[in-house]
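Q: fold the following and give me the result.
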Amino acid sequence: MRGALRRLVRSPRGLVGLALIVLVVFGAIFAPWLTPYGPLDQDLLHTVQAPSASHWLGTDQFGRDVLSRLLFGARISLIAGFVSVTIGAVLGILVGLLAGFYGGYVDSLLMAANDILLGFRTYLMAIMVVAILGPSLLNLTVAIGLSTFPQFARMVRSEVLSARERDFVEAARALGARDAALMLRHVLPQVMAPLVVMATFFVATAIVVQSSLSFLGLGSPPPTPSWGLMISQARTYIMAAPWLPTIPGLAIMVTVLGFNLLGDTLRDILDPRLHT
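A: Reported below is the predicted structural model:
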């Protein structure tokens, strides 16, 4: 772990990605103290104003402060990203561990169901779930988590198939360790490195999916300060006030770039073949 941290500190790409993530998280946590305006406060006398000293990023069509909505919108995106990936990773670990460890009929049954779910792309699965449950942040987060867990399950299964045949697992089994102990104490730790890397990339994917579906009206309902919803509501003002859709679009780009840069660096750091 110390070696991994040293390599992360020495990586400009990783530091840039980490700095971008920290910046977004900082803005989301301290949003109420970074702007004097609430994300829902309207000022109909000052609508669609350009960035100024009183409103650093301007105002939207309802006179709401864009900076305030941007910072509070970061909370929506980060919650959707982290919670949905947590749901997908937990379900994927459960399915992948059972399928890879036991093999046979258990593996065939679970992977057959997993392959069926893989046939539904992330957006299609999310749209189906949201259409059934209704548009809301909770439903959208659950939908993204359900759409990502088959990919986690397949990755975990492939790692477990390799880890279960290693000598230390066979030794623990010979000493009488139960299946649950073998999976949780000896096999699962071998899966954590690629799982962390995959989860980092999937947080970025979840943020893009959440923003896209919010743009389509399948996410948090108005007037929630969601980045995708901000772009959707501002698209009619793209010629008169180009900053309105551009600013939340740049926020999405910076956040996704940060997670992708960090994921690339973690993949290089945690790959033992690169440090032998």
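Q: phi first, then psi, for the nearest residue to residue 17 once chain neighbours are set aside.
A: Residue nearest to residue 17 in three dimensions, not counting chain neighbours: residue 261, with 2.9 Å by CB to CB, 6 or more residues apart in numbering. Backbone N, C-alpha and C define where each C-beta goes, glycine included. When read as degrees, to the nearest 10, the backbone of residue 261 gives phi -60, psi -40.
Q: residues contacting stretch 40-54, please?
A: 55, 57-65, 68, 223, 225, 237, 240-241, 243-244 (CB atoms under 8 Å, 6 or more residues apart in numbering).
Q: tell me the pLDDT of the residue nearest to residue 17.
A: You'll see residue 261 listed with a pLDDT of 93.
Q: how much space is there between residue 104 and residue 110?
A: Per CB to CB, to the nearest Å, residue 104 is found 11 Å from residue 110.
Q: who has more neighbours out of these two?
A: residue 110 (19 against 8; other CB atoms under 10 Å).
Q: buried set for the helix or strand where that one lies?
A: Element membership for residue 110, per DSSP states H and E: helix 104-118. Neighbour-count burial for helix 104-118 flags 107, 110, 111, 114 (criterion: 16 or more other CB atoms under 10 Å).
Q: chain center to it: distance?
A: 25 Å (CA atoms, centre = their mean, to the nearest Å).
Q: who's in contact with the following helix or strand past that helix?
A: Scanning forward in sequence from helix 104-118 by DSSP H and E, the next helix or strand is helix 122-133. Residues outside helix 122-133 that contact it (CB under 8 Å, 6+ apart): 117, 120, 139-140, 142-144, 146-148, 205, 209, 212-213, 218-219.
Q: quick check: angle from helix 122-133 to helix 104-118?
A: Our comparison of helix 122-133 with helix 104-118, counting by axes from the mean of the first three to the mean of the last three CA atoms, to 10 degrees, yields an angle of 90 degrees.
Q: after helix 122-133, heading C-terminal, what element do we hit next?
A: Sequence-wise, the next helix or strand downstream of helix 122-133 (DSSP H and E) is helix 137-163.
Q: residue nearest the middle of this structure, spatially speaking?
A: Centroid-nearest residue in the chain: residue 203, 1.8 Å away (criterion: CA atoms, centre = their mean).
Q: any idea how far it lies from residue 244?
A: Going from residue 203 to residue 244 by CB to CB gives 26 Å.
Q: quick one: contacts of stretch 151-168?
A: Identification of contacts with stretch 151-168 by CB under 8 Å, 6+ apart yields 88-89, 91-93, 95-97, 99-101, 103, 107, 110-111, 114, 118, 169, 182-183, 186-187, 190-191, 194-195, 198-199, 202.
Q: could you list which of these belong to helices?
A: Among those, the members falling in helices (DSSP state H) are 88-89, 91-93, 95-97, 99-101, 107, 110-111, 114, 118, 169, 190-191, 194-195, 198-199, 202.
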